[in-house]
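quick one, structure for this:
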Amino acid sequence: MMTRRAAIIAVTVFAVLALACPALAATFEEYMDYGLEAALRVDFKKAAASFRLAVEADHDSPEARFRLGLAYRELGMLTESADQLQHAIRLKGDHMDAYINLGSLFQQMDRRKDAIRVLEDGLNIDPDNAALHYNLGSALEKDGRDPEALEHFIRVTGIAPDFPDAWHRAGVIYGRLDQPGEAIQCYRRALELDPGMEASLFNLGAALGATGDWKGEVEVYEQLLEKHPDLGLAWYNMGVALWNLGNIDRARKAFETSVKADPQYPFAWNNLAQCQIKAGEYEKAVENARKAAGLEPGFVGAWNTLGLALTGAGDHGDAINAFDKALELKPDYPNSRFGLGIALALSGDMEAARAQVTELRRLNSPLADELETRLKGAQ
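Here you go, the predicted structure:
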């Protein structure tokens, strides 16, 4: 059995104005102009200084507060930034850019509850604001509230249907909600809008595999790997699809490429070992299954694969130990019960082997009849 391990952060762009430097006793408008020019030059220290003077010149200007908040954020002064953006909202209750940026700032500060509250407040004023819906979806998603987040991403696709990121995020959540068909539609739409959106291409492949469209999955990963041949996880997923198509040779090559690209990925080593078992290359399979188990000691499948490889190599004692380890981790794993029964029989302990038939019947596993038949043939 193969194993699969398979915002709009709308920051307002500072306007372009003529170059100048703050002068003594300048007017409010001049301070604002100086700040905007400095921000355009990515000189946020001067921008902040100019906007502070603008605030001093007009304490009740929501725009000066807003711009100062943005400058503070660029300087890493997040608390000060939040204070100014909140002040801008108090001064102008429908300052939507302030709601949008304050929501994204709170997310940056890992204040998700505050981000959600601010973005919901903004939507109460402007319910068709795509940026607010997108950012709220992002905050809800990070808060583990996928169904609610999905509603907002879908709302974005209705308001701004040509925005690929909203389609992509909807696809991600549909995938987590075990709705791969819907996820596929979202990823395809995202790719229609932005063919270079490779995260959608990768996820599309995985979603196709989740529906059993192995051929479609292979085609997607071939397209992705043509651009990124060192993407180990894509090679791994393609290997799984090829295995399910019965193309073991190509699956093996995919897993070999996967472990070269990412030698620390235990599932690729495990699946490579399974391909080698199929080919009768038991010593190589033992080596690679050991790598998988070493990288992830709690990986039941790796210990099971190691047991199968050791059985094929004739090392029945170590095979029994490997299956025992798998069953220590997952006592009701039928494949390991079956493998253990075979290894015990080959070691001459028929009584212990027959006990595995009893265990498999307790688990209502169809492997019980197969093991019993094999044991009778071995007598």
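
please enumerate the strands of the stretch 51-200 of the chain.
In the stretch 51-200 of the chain, no strands are found when defined by DSSP state E, counting those that start in this stretch.

what sits against the spatially most central residue of the chain?
Against the mean C-alpha coordinate of the chain, by C-alpha atoms, centre = their mean, the closest residue is residue 172 at 7.9 Å. Shown in contact with residue 172 (C-beta atoms under 8 Å, 6 or more residues apart in numbering): 183, 203. The way it works is simple: take the backbone N, C-alpha and C, and place the C-beta from them, glycine included.

isn't residue 170 up against residue 154?
Yes. Using C-beta atoms under 8 Å, residue 170 makes contact with residue 154 at a distance of 5.8 Å.

quick one: which of these two has more around it?
Remark: of residue 170 and residue 154, residue 170 carries more neighbours, 27 against 19, as counted by other C-beta atoms under 10 Å.

pull out the buried positions in stretch 248-261.
248, 250-259, 261 (16 or more other C-beta atoms under 10 Å).

turn the residues you listed into a markdown table, including secondary structure and distance to residue 197.
A markdown table is the format used below for the buried residues of stretch 248-261 (DSSP: H, G, I helix; E, B strand; the rest coil; distance: C-beta to C-beta, whole Å):
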| residue | secondary structure | distance to residue 197 |
| --- | --- | --- |
| 248 | helix | 32 |
| 250 | helix | 27 |
| 251 | helix | 27 |
| 252 | helix | 31 |
| 253 | helix | 28 |
| 254 | helix | 23 |
| 255 | helix | 27 |
| 256 | helix | 29 |
| 257 | helix | 24 |
| 258 | helix | 23 |
| 259 | helix | 28 |
| 261 | helix | 22 |
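
nearest to residue 121 among the residues you listed?
Distance ranking of those against residue 121, using C-beta to C-beta, places residue 261 first at 46.4 Å.

pretty sure the closest one contacts residue 228?
No. Counting by C-beta under 8 Å, residue 261 stays clear of residue 228, with 9.6 Å between them.

for residue 141, which non-adjacent residue is spatially closest?
Nearest non-adjacent residue to residue 141, counting by C-beta to C-beta, 6 or more residues apart in numbering: residue 149, 3.9 Å away.

returning to that earlier point: just the closest of the buried residues of stretch 248-261 to residue 355, please.
Among these, and counting by C-beta to C-beta, the member closest to residue 355 is residue 248, at 33.1 Å.

got the contact list for that closest one?
Counting by C-beta under 8 Å, 6+ apart, residue 248 touches 242, 275, 278-279.

look up how far residue 30 lies from it.
For residue 248, the distance to residue 30 (C-beta to C-beta, to the nearest Å) stands at 74 Å.

ok, now residue 303?
Residue 303 is 73 Å from residue 30, by C-beta to C-beta.

these two: which has the busier surroundings?
Using other C-beta under 10 Å, the more surrounded residue of residue 303 and residue 30 is residue 303, with 30 against 17.

report all helices and strands that the host helix or strand of the more buried one contacts.
Element membership for residue 303, per DSSP states H and E: helix 300-312. Applying 3 or more C-beta pairs under 8 Å, 6 or more residues apart in numbering; DSSP states H and E, we find helix 300-312 packed against helix 266-278, helix 282-295, helix 316-329, helix 334-346.

show me what it is in contact with.
Applying C-beta under 8 Å, 6+ apart, the set of residues contacting helix 300-312 is 1, 3, 266-267, 269-270, 273-274, 276-277, 280, 282, 285-286, 289-290, 292-293, 296, 316, 318-320, 322-323, 325-326, 329-330, 333, 335-336, 339-340, 342-343, 346.

any of those buried? List them.
For the contacts of helix 300-312, buried by 16+ other C-beta under 10 Å: 3, 266-267, 269-270, 273-274, 276-277, 282, 285-286, 289-290, 292-293, 296, 316, 318-320, 322-323, 325-326, 329, 333, 335-336, 339-340, 342-343.

and residue 194, how many neighbours?
So residue 194, with other C-beta under 10 Å, has 16 neighbours.

please report how far it lies from residue 84.
From residue 194 to residue 84 the distance is 34 Å (C-beta to C-beta).

and residue 294, by the same measure?
53 Å.

how near is residue 116 to residue 230?
Taken as C-beta to C-beta, the span from residue 116 to residue 230 is 39 Å.

the more surrounded of these two?
residue 116 (21 against 11).

mind listing what the more buried one touches?
Contacts of residue 116 (C-beta under 8 Å, 6+ apart): 136, 139-140, 143.

confidence score at it?
pLDDT, residue 116: 97.

any idea how far residue 43 is from it?
Distance of residue 116 to residue 43, computed by C-beta to C-beta: 34 Å.

next one: residue 75
Where residue 43 is concerned, residue 75 sits at a distance of 11 Å (C-beta to C-beta).

next: residue 361.
76 Å.

do the same with residue 254
Distance, residue 254 to residue 43, by C-beta to C-beta: 50 Å.
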